[in-house]
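*Asks:* Got a predicted model here, sequence first, then my questions.
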Protein chains: 2
Amino acid sequence: MDVRYVNPFVKSVSNVFKTMLHTDVTVGKPYLKTPHCDRPDVSGVIGLSGDVTGVVVLGFSKNVAIAVAEKFVGTSLTVDHPDFADALGELANMVAGGAKASFEGINASISLPSVIVGENHEVIKSKANPSLVIPCDSPMGHFTVEVAMKVEAQVAVGAAS
Amino acid sequence: MDVRYVNPFVKSVSNVFKTMLHTDVTVGKPYLKTPHCDRPDVSGVIGLSGDVTGVVVLGFSKNVAIAVAEKFVGTSLTVDHPDFADALGELANMVAGGAKASFEGINASISLPSVIVGENHEVIKSKANPSLVIPCDSPMGHFTVEVAMKVEAQVAVGAAS
């Protein structure tokens, strides 16, 4: 994945948490995802398509997901409450939407988000498009933003010229 | 979800299994997904965006997922083999791609697929966009194709006129 497209996600996750959760996020050095290393309990998954094809995954442990969703909606939540998944899906939507808005010279649109709930699940992307993992720390706990993205050939050539 | 967009998915899943797996799929009557009713072990998730915004999820039990992936690649596979997730991601890609190709008057593009592996996980979509579940039976076993889709207002008006 082209590293030029990582920074928009770093900025977007910081901005969304600052604006919507009134919380600072400390972003660590992004690293290449290795198989079977990250097993979240709750994931927010959203697709990107257009001049790019991609997928963005916010991964949380159960306790961090609950704390983040509660902060987002402003009330206590259980994992089974419909607002729990809606909050985390909306968060994935905002992080991906904010990032795509600052891709230069690239038109991308985002899909509907899905929220996966299941202890220690894995979210696996194609071998052909490895994911970068952006590690994030917040007062609610640690979480990750994973991005796999492929820029269509003609756009990549145009951007490089 | 507008039922006019269900048939392309019914046709596409039958066509993909026939073409790629040389297998007939019996498609049952689609039904509205209710919370916490379907808990697959393996899911292929792919987003749609453009004139529509959506998400498509193929949901399998572990044994059916292995049988389908093995039939797709033509060799024995374990869940941890990289080709396992690649096969199911590619299957989700083909089912969504085949369906969008037959949306009349609608431009849509598809994201990169993700494959979720985790016993009894849930894939939850937004309350605002309920999913239709298309139940499918095959010689490898039962699986589901879930579709949540929202047609952008100006396109929906155009299509209705």
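*Replies:* Received it, and whenever you're ready, just let me know what you need. Numbering: from 1, shown residues only, chains lettered A, B, ... in the order given.

*Asks:* got any ranges where chain A has weak pLDDT?
*Replies:* By pLDDT under 70, the weakly predicted segments of chain A are A:1, A:153-161.

*Asks:* try it again with 80
*Replies:* By pLDDT under 80, the low-scoring segments of chain A are A:1-4, A:35-37, A:152-161.

*Asks:* need the strands for it, in chain order.
*Replies:* In chain A, the strands defined using DSSP state E lie at A:26-27, A:31-32, A:42-50, A:52-60, A:108-110, A:114-117, A:122-125, A:132-138, A:141-151.

*Asks:* Number of residues surrounding residue A:36?
*Replies:* 10 (other C-beta atoms under 10 Å in any protein chain shown). Any C-beta I mention is one placed from the backbone N, CA and C, and that applies to glycine too.

*Asks:* contacting residues around the nearest residue to it once chain neighbours are set aside?
*Replies:* Setting aside the residues directly before and after it, residue A:36 is nearest to residue A:122 in space (C-beta to C-beta, 6 or more residues apart in numbering or on different chains), at 6.6 Å. Shown here is residue A:122, whose contacts under the criterion C-beta atoms under 8 Å, 6 or more residues apart in numbering or on different chains are A:36, A:38, A:39, B:116, B:117, B:118.

*Asks:* Next one: the second one from chain B, what distance?
*Replies:* It stands for residue A:38. For residue A:38, the distance to chain B under the criterion C-beta to the nearest C-beta, to the nearest Å works out to 12 Å.

*Asks:* give me the beta-bridge partners of the residue nearest to residue A:36?
*Replies:* Listed by DSSP bridges, the beta-bridge partners for residue A:122 are residue B:117.

*Asks:* how close does it get to residue B:129?
*Replies:* Residue A:122 sits 25 Å away from residue B:129, going by C-beta to C-beta, to the nearest Å.

*Asks:* again with residue A:65
*Replies:* As judged by C-beta to C-beta, residue A:65 and residue B:129 stand 21 Å apart.

*Asks:* who's more crowded, those two?
*Replies:* Neighbour count, other C-beta under 10 Å: between residue A:65 and residue B:129, residue A:65 has more, with 29 against 16.

*Asks:* In space, what's closest to the more buried one - neighbours in sequence excluded?
*Replies:* Spatial nearest neighbour of residue A:65, chain neighbours left out: residue A:42 (3.7 Å); criterion: C-beta to C-beta, 6+ apart.

*Asks:* burial count for the one you found?
*Replies:* Residue neighbour count, defined by other C-beta under 10 Å, stands at 29 for residue A:42.

*Asks:* Highest neighbour count among the contacts of residue A:122?
*Replies:* For the contacts of residue A:122, neighbours were counted using other C-beta under 10 Å, and residue B:116 has the most, 27 neighbours in all.

*Asks:* contacting residues for the residue nearest to residue A:29 when sequence neighbours are not counted?
*Replies:* The shortest distance from residue A:29 to any residue that is not its chain neighbour, by C-beta to C-beta, 6+ apart, is 7.6 Å, and that residue is residue A:135. Neighbour list for residue A:135: A:27, A:28, A:29, A:30, A:31, A:142, A:144 [criterion: C-beta under 8 Å, 6+ apart].

*Asks:* And for residue A:85?
*Replies:* Shown in contact with residue A:85 (C-beta under 8 Å, 6+ apart): A:115, A:117, B:124, B:125, B:126.

*Asks:* out of the residues you listed, which is most surrounded?
*Replies:* Counting neighbours by other C-beta under 10 Å, residue A:115 leads these with 27 neighbours.

*Asks:* List the contacts of that residue.
*Replies:* By C-beta under 8 Å, 6+ apart, the neighbours of residue A:115 are A:42, A:43, A:44, A:45, A:84, A:85, A:88, A:89, A:92, B:123, B:124, B:125.

*Asks:* Go through chain A and flag its longest helix.
*Replies:* Secondary structure of chain A per DSSP state H: the longest helix is helix A:82-100.
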